[in-house]
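Student: Fold the following.
(one chain, ligands or ions: 1)
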Amino acid sequence: MDALHGALLEPWKRNDVAAQKSATEDVRRHSIFAQLLADPMTRQAFRKPRGYPGDADLIDFIYGSESSVAGLDAASPTGRAIYAYNVETIASQGVRNRRDYIAKVIDEIAERKPKTEVLAVACGHLRELERCSPTSRRAIARFVGLDHDRRTTNFLTRQAYSDFVKPLTASIGVLLRKEIELGSFDLIYAAGIYDYLQDDLFIALTRRLWEMCRSGGTLLIANVTADNPQIGYLDACMDVGNSHTAKLCRDPTGIVAFAKLEKA
Ligand SMILES: C[S@@+](CC[C@H](N)C(=O)[O-])C[C@H]1O[C@@H](n2cnc3c(N)ncnc32)[C@H](O)[C@@H]1O
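Tutor: Model prediction:
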């Protein structure tokens, strides 16, 4: 797997788009590809059963959350071995660091601001809440979890934190077009969505979220960086095309960049 990840990374290091495309074609034609798809995480990413990339079930494989257990139990020994490799890559560690960092920011803000109001954009399964302190969870007066996938927002209603999380099934387009009035928040964060946005949407969403952030509030956005050593595998074998930011504050692996903006 080291050799495969390394070989697929080479054309990315040279920024050689033609070689990236041909490496993708080569690996998908090769008999090894069927074995790679035996890893339930690679298969979930590549097949996109929800019809879009980066669904919350896929991210749960990275977190090792309970919803990934059935897929792993059903996997072949080869599939489990490939998963065991992929879940420990720097890219996967970066995603787990991102979740932990967000939990820390929620705790910090909830500690200093009574009746905190939070908006999580493209919230997925909100695994960061499992890492927040019970005290800060009690200090949160309103927590809106917005995601466009109804299966994901339904999942939120069955979780331990469903007593204070208000799931909202809506796309970021609804926010951008101001079709819904949510008021303002002390903390707005978005993780795992900016990775898929082109520059114009990236800017428009940031502007809109900043507007919704109240005075003294915080806007936190996370974006996978171009320094991701798994980028070749992600593109060729998982068909995950990411857009990448310039240098912002980074997680310890260097894989996730954060912009943390505090409103005066
Ligand atoms: C990579 S996951 C990240 C989930 C979570 N924020 C995390 O960090 O674990 C991306 C999430 O964005 C949601 N999503 C994708 N496109 C969206 C859109 N246009 N509007 C709202 N949510 C979207 C998906 O349903 C998915 O739950």
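Student: mind listing the helices for this protein?
Tutor: In the chain, the segments counted as helices under DSSP state H are 2-13, 17-29, 32-36, 40-47, 56-63, 69-73, 77-86, 90-112, 134-139, 150-156, 172-176, 199-212, 231-237.
Student: now for the third one, which elements pack on it?
Tutor: Put plainly, it is helix 32-36. The helices and strands touching helix 32-36, judged by 3 or more Cβ pairs under 8 Å, 6 or more residues apart in numbering; DSSP states H and E, are helix 77-86. C-beta here means a position set from N, CA and C on the backbone, and glycine is covered the same way.
Student: returning to what we had before: quick check: which of the helices of the chain is nearest to I193?
Tutor: I193 sits nearest to helix 172-176 of all the helices of the chain, at 6.7 Å, using Cβ to Cβ.
Student: does that closest one come close to the ligand?
Tutor: Yes: applying Cβ under 6 Å from any ligand atom, one finds helix 172-176 touching the ligand at I172.
Student: what's that helix in contact with?
Tutor: Residues from elsewhere that reach helix 172-176 (Cβ atoms under 8 Å, 6 or more residues apart in numbering): 121-122, 146, 148, 180, 182, 193, 201, 204-205, 208-209, 212.
Student: Out of those residues, which are close to the ligand?
Tutor: Within those, those near the ligand by Cβ under 6 Å from any ligand atom are 122, 148, 193.
Student: Contacts only, for the second one.
Tutor: Contact partners of H148, counting by Cβ under 8 Å, 6+ apart, are 122, 169-172.
Student: Switch these over to JSON lines; also include pLDDT, distance to T157 and neighbour count.
Tutor: Shown next, in JSON lines, are the contacts of H148 (pLDDT from 0 to 100; distance: Cβ to Cβ, whole Å; neighbours: other Cβ atoms under 10 Å):
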{"residue": "A122", "pLDDT": "98", "distance to T157": "18", "neighbour count": "23"}
{"residue": "T169", "pLDDT": "98", "distance to T157": "11", "neighbour count": "16"}
{"residue": "A170", "pLDDT": "98", "distance to T157": "15", "neighbour count": "17"}
{"residue": "S171", "pLDDT": "98", "distance to T157": "19", "neighbour count": "14"}
{"residue": "I172", "pLDDT": "97", "distance to T157": "21", "neighbour count": "20"}
